[in-house]
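*Asks:* Okay, sequence plus prediction incoming.
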Amino acid sequence: MAPSGRISQSAFDGSKLRVILLLDLYEGAQQQFLDAYELMRKQVASVPGHISDQLCQSIENPSQWLITSEWESAPPFLAWVNSEEHVETVKPMHSCVRDTRSMRYSILRETGPGQQAAAPAGTQVAARVGDGAARHALTFTVKPGSESKVAEILAGYESPRAQVDETTRLRRTSLFMHGNRVVRAVEVEGDLLAALRHVARQPEVRAVEEAINPYLEQDRDLTDPESARVFFTRAALPAVHHVVSDRPAPADLRRHALYYPAKEGRGMELARLLAHQDQAAADDPDSPVYGSTVFHRDDIVVRLIDITGEPDLDPVASLGIKGAGKAAELEHLLDGAAIGVEGSLKTERNVNRLLSHADMLPVTDRSADS
């Protein structure tokens, strides 16, 4: 599909992916790290979509290491990095590594021996235009029956300081619930990792995290680095597509979140369908969808949308599913029973039902002061 609107983030453009992992090792942990890397290297080599990887050591500081890998495209990498297999594979590295940083880049140009920079097949078609913000979300579930108490806790805390450092600023935090599932989405100007670490250190945020601990379905101990690392790894809900219309931002934008549980193994296809629909909507002057971010991991897809007016005035347009063919495709990918929608989605009545069941409850939506 040709680009439309302003796409600042996308895992669906078909370009190859370069992943860069920077690591700082503890003193004396090199051999343990090398053993763990060999195990990981052998496992990742068999993952579909993986092309190659390299392990590099700094020529200036022997405790600093670099792992780079190349993938056919972003979806197979995201499926691997968000899997339980990956969580277990990297566990032996945790005790070796003091600090780590992961970066993902789509390949835009390549230069081979004796060649000028070129854009062969498998590279990003054009540079994306963004707004200087990175987007990420976390999702987790709470014990059934505790939803109202958890919503009260999550809505009542004081916002952390927005300015992280000279170059990083927390722009917006939006929190929604669907049944016992919680989704917290953040927008950050600058360094996303620095902002997430900044927020996690704030006393008001730590107090909220401790307050909801008894209600979580997955036990965690945030005072234990390993427990915290595993919890937040499993809770990560990466943004896979973000688009904003070229139209001037209207004054009546309303933020909504929709939860789409996919059939087993169909989450990435569902995320791609919704992303392409929002991409078309952003280019449609009559669409109420002004901007959209699609988040995905495993069989969980969440669509955060900024809409002009009330979405229930035109549910078909608001959902971005136009035409019987697209509705049938959505029906094929969606686990409708998980949100109480079964049967054909080809009628407006059933699209209305999907909207009412998929719509998430807004808990809090906070923007930094201008």
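*Replies:* Yep, that arrived. Numbering: from 1, shown residues only.
*Asks:* where exactly do the helices run in this structure?
*Replies:* If you assign secondary structure with DSSP state H, the helices in the chain sit at 30-44, 74-81, 84-94, 147-155, 192-201, 203-212, 225-235, 267-282, 315-319, 324-333, 348-358.
*Asks:* Do me a favour and average the pLDDT over the fifth one.
*Replies:* Per-residue pLDDT values across helix 192-201 average out to 82.
*Asks:* still on that earlier bit, for the helices of the chain, please prepare TSV with the additional fields distance to residue 301.
*Replies:* In short, each C-beta sits where N, CA and C put it, glycine included. Converted to TSV, those look like this (distance: least, C-beta to C-beta, whole Å):
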stretch	distance to residue 301
helix 30-44	25
helix 74-81	12
helix 84-94	18
helix 147-155	21
helix 192-201	21
helix 203-212	24
helix 225-235	15
helix 267-282	5
helix 315-319	13
helix 324-333	9
helix 348-358	10
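*Asks:* With mean neighbour count and distance to residue 173 as added columns, please give these in CSV.
*Replies:* Written out in CSV, the entries for the helices of the chain read as follows (neighbours: other C-beta atoms under 10 Å; distance: least, C-beta to C-beta, whole Å):
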stretch, mean neighbour count, distance to residue 173
helix 30-44, 15, 33
helix 74-81, 20, 23
helix 84-94, 15, 26
helix 147-155, 16, 10
helix 192-201, 17, 8
helix 203-212, 14, 10
helix 225-235, 15, 15
helix 267-282, 23, 21
helix 315-319, 20, 23
helix 324-333, 17, 29
helix 348-358, 17, 22
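*Asks:* looking at the ones you listed, which is closest to residue 109?
*Replies:* Closest of those to residue 109 is helix 74-81, at 17.3 Å (criterion: C-beta to C-beta).
*Asks:* quick revisit: hey, least reliable of the helices of the chain by pLDDT?
*Replies:* Considering the helices of the chain one by one, the lowest average pLDDT is found for helix 315-319, at a mean of 52.
*Asks:* circling back: go through the helices of the chain and name the closest to residue 259.
*Replies:* The closest approach between residue 259 and any of these, judged by C-beta to C-beta, belongs to helix 348-358 at 5.5 Å.
*Asks:* pLDDT value on the closest residue to residue 99 other than its chain neighbours, please?
*Replies:* When the adjacent residues along the chain are set aside, residue 99 lies closest to residue 24, with 4.4 Å between them (C-beta to C-beta, 6 or more residues apart in numbering). Residue 24 is assigned a pLDDT of 97 by the prediction.
*Asks:* For residue 132, which of the helices of the chain is the nearest?
*Replies:* Residue 132 lies closest, by C-beta to C-beta, to one member of the helices of the chain: helix 192-201, at 11.8 Å.
*Asks:* chain center to the closest one, what's the gap?
*Replies:* Distance, stretch centre to chain centre, for helix 192-201: 16 Å (C-alpha atoms, centre = their mean, to the nearest Å).
*Asks:* What about the closest residue in space to residue 227 that isn't next to it in sequence, how many residues nearby?
*Replies:* Leaving aside its chain neighbours, residue 227 sits nearest to residue 221 (4.3 Å; criterion: C-beta to C-beta, 6+ apart). By other C-beta atoms under 10 Å, 11 other residues sit near residue 221.
*Asks:* quick one on the thing from earlier: can you tell me which residues contact the residue nearest to residue 99?
*Replies:* 63, 64, 65, 97, 98, 99, 100 (C-beta atoms under 8 Å, 6 or more residues apart in numbering).
*Asks:* Report the separation between it and residue 227.
*Replies:* 21 Å (C-beta to C-beta, to the nearest Å).
*Asks:* Ok, residue 144 next?
*Replies:* Counting by C-beta to C-beta, the separation of residue 144 from residue 227 is 23 Å.
*Asks:* same thing with residue 253?
*Replies:* With the distance defined as C-beta to C-beta, residue 253 ends up 39 Å from residue 227.
*Asks:* Over to residue 168?
*Replies:* Counting by C-beta to C-beta, the gap between residue 168 and residue 227 amounts to 27 Å.
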